[in-house]
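no FASTA, just this:
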């Protein structure tokens, strides 16, 4: 029933078990079997079967059947006119054959040349009569399929019986195939960026459907684009592992299911070309610990100690514990011998407190 739209060969069908259900695949493999060339087409058939099923259910409606029967009545009227013309041809052939027979019977038997000529004309007339009668009988048998009221009632009953039978869960796929064979002549498939389905009904009517090409298995595992956008927004202020924790707290899942992990967030970043949290901090001017040490003329270890003490503001750049720092301002910290870091932090916090906060502190 299924034809390949590229080479015109019949396509075979295979069934695979997917998620506990049988999934059909249409394969054009004749040239592959006979000559070892690559497969012409290999098309998943689940979406195709669903599209053809919808077409059949939409076609079996009272309006469409009424139109079809009206057309059939018009064809029947024209067939009756042709029937009269063919009957007249048979009558004329019968008249010519009788006339030729009369001429042959009236000829003088001694005039053998004339008798042979009339006999040949009579045989030709009889042959023409036989051909006209055979043509008349052949067309008469074909025109015998007229729609009467009983047949019309049965046809209209199909509009309710067919959907009920088609959707009956007790009907097997084999029975549905038999129904399809009764209604369709063939189905032609062409797969490109989409699948084109050309359905030819018995009687000559053709319907063309277009459906999207099915996703590959790896494409079904891809994280939805709205979640990728959410990851992009969260990376402005969070590392990969922090983003994963936030998404899991919101009860969101990746395309393949399960929970988000920092490594998975990194894979999403690389797949969609998203910048990491570290790169985003660098773009806004954040400095590494080594660069900050050079700016302040101190050791890198001192920079980390000052960050822990609160003298420098650092931001976690990745999940490996690497920090980036705001560029030092005019009040950048310096080394002070004999003064504890905790004491310097209290002085620094008091220096930058708003005036009202200072007043409240003094009152207390």
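Yep, it's here. Computed from a predicted structure; not experimentally measured. Residues are numbered from 1 along each chain as shown.

how's the protein carved up into domains?
2-44+173-212, 71-151, 219-274, 289-363 (automatic domain parsing).

out of those, deepest packed?
Comparing the domains of the chain by mean neighbour count (mean count of other C-beta atoms under 10 Å), domain 219-274 comes out on top with a mean of 15. Quick note: C-beta positions are derived from backbone N, CA and C, even for glycine.

hey, where'd the strands end up in the stretch 1-150 of the chain?
2-4, 12-18, 21-28, 41-44 (DSSP state E, counting those that start in this stretch).

ok, which of those strands comes nearest residue 324?
Evaluated with C-beta to C-beta, these place strand 12-18 nearest to residue 324, the distance being 47.8 Å.

which other residues reach the closest one?
Residues outside strand 12-18 that contact it (C-beta atoms under 8 Å, 6 or more residues apart in numbering) are 2, 22-29, 45.

rewinding a little: mind putting the domains of the chain in JSON lines, mean pLDDT included?
Listed next are those as JSON lines, based on pLDDT from 0 to 100:
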{"stretch": "domain 2-44+173-212", "mean pLDDT": "86"}
{"stretch": "domain 71-151", "mean pLDDT": "78"}
{"stretch": "domain 219-274", "mean pLDDT": "89"}
{"stretch": "domain 289-363", "mean pLDDT": "72"}
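
distance to residue 58 added to these, as CSV?
CSV is the format used below for the domains of the chain (distance: least, C-beta to C-beta, whole Å):
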stretch, distance to residue 58
domain 2-44+173-212, 9
domain 71-151, 18
domain 219-274, 28
domain 289-363, 55
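
among those domains, which is nearest residue 282?
domain 289-363 (6.8 Å).

one step back: between the strands of the stretch 1-150 of the chain, which one is nearest to residue 317?
When the strands of the stretch 1-150 of the chain are compared by C-beta to C-beta, strand 12-18 sits nearest residue 317, at 43.6 Å.

now that closest one against strand 21-28, angle please.
Angle, strand 12-18 to strand 21-28, by axes from the mean of the first three to the mean of the last three C-alpha atoms, to 10 degrees: 150 degrees.

partners of strand 12-18 in the sheet?
Paired neighbours of strand 12-18 in the sheet (DSSP bridges): strand 21-28 (antiparallel).

pull the distance from stretch 304-323 to the chain's centre.
Computed by C-alpha atoms, centre = their mean, to the nearest Å, the chain-centroid distance of stretch 304-323 equals 50 Å.

revised request: answer the last question for stretch 37-47.
14 Å.

any idea how far residue 264 is from residue 257?
Look at residue 257 and residue 264: by C-beta to C-beta, to the nearest Å, they are 12 Å apart.

sorry, that was for residue 331
Counting by C-beta to C-beta, the gap from residue 331 to residue 264 is 42 Å.

what is the helix or strand hosting residue 293 packed up against?
Using DSSP states H and E, residue 293 sits within helix 289-296. On a contact count with 3 or more C-beta pairs under 8 Å, 6 or more residues apart in numbering; DSSP states H and E, helix 289-296 meets helix 300-309, strand 323-325.

nearest to residue 38, out of these?
strand 323-325 (52.9 Å).

contacts for the closest one?
Against strand 323-325 from outside (C-beta under 8 Å, 6+ apart): 278, 281-282, 286-289, 292, 303-304, 307, 312-317.

now swap in stretch 90-99 and tell me
For stretch 90-99, the external contacting residues (C-beta under 8 Å, 6+ apart) are 122, 125-126, 128-129, 132-133, 136.

how far does it sit from the chain's center?
64 Å.

please identify which of the helices and strands packed on helix 289-296 is closest to residue 250.
Closest approach to residue 250 among these (C-beta to C-beta): strand 323-325, 26.7 Å.

distance from the closest one to the middle of the chain?
48 Å.

neighbouring strands - and their directions - for it?
Assessed with DSSP bridges, strand 323-325 is paired to strand 287-288 (antiparallel), strand 314-316 (antiparallel).

so which of those strands comes closest to residue 178?
Using C-beta to C-beta, the strands paired with strand 323-325 put strand 314-316 closest to residue 178, at 67.1 Å.

ok so, going back, now render the strands of the stretch 1-150 of the chain as JSON lines, adding distance to residue 200.
Below are the strands of the stretch 1-150 of the chain laid out as JSON lines (distance: least, C-beta to C-beta, whole Å):
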{"stretch": "strand 2-4", "distance to residue 200": "9"}
{"stretch": "strand 12-18", "distance to residue 200": "18"}
{"stretch": "strand 21-28", "distance to residue 200": "16"}
{"stretch": "strand 41-44", "distance to residue 200": "18"}
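
which among these is found nearest to residue 253?
Closest approach to residue 253 among the strands of the stretch 1-150 of the chain (C-beta to C-beta): strand 12-18, 20.8 Å.

from residue 124, how far out is residue 86?
Taking C-beta to C-beta, one finds residue 86 at 20 Å from residue 124.

ok, the residue positioned nearest the centre of the chain - contacts?
Closest to where the C-alpha atoms of the chain average out (C-alpha atoms, centre = their mean) is residue 212, at 2.9 Å. By C-beta under 8 Å, 6+ apart, the contact set of residue 212 is 47, 194-195.

how about 7 Å then?
residue 194 (C-beta atoms under 7 Å, 6 or more residues apart in numbering).

quick one: it from residue 48, how far?
For residue 212, the distance to residue 48 - C-beta to C-beta - is 11 Å.
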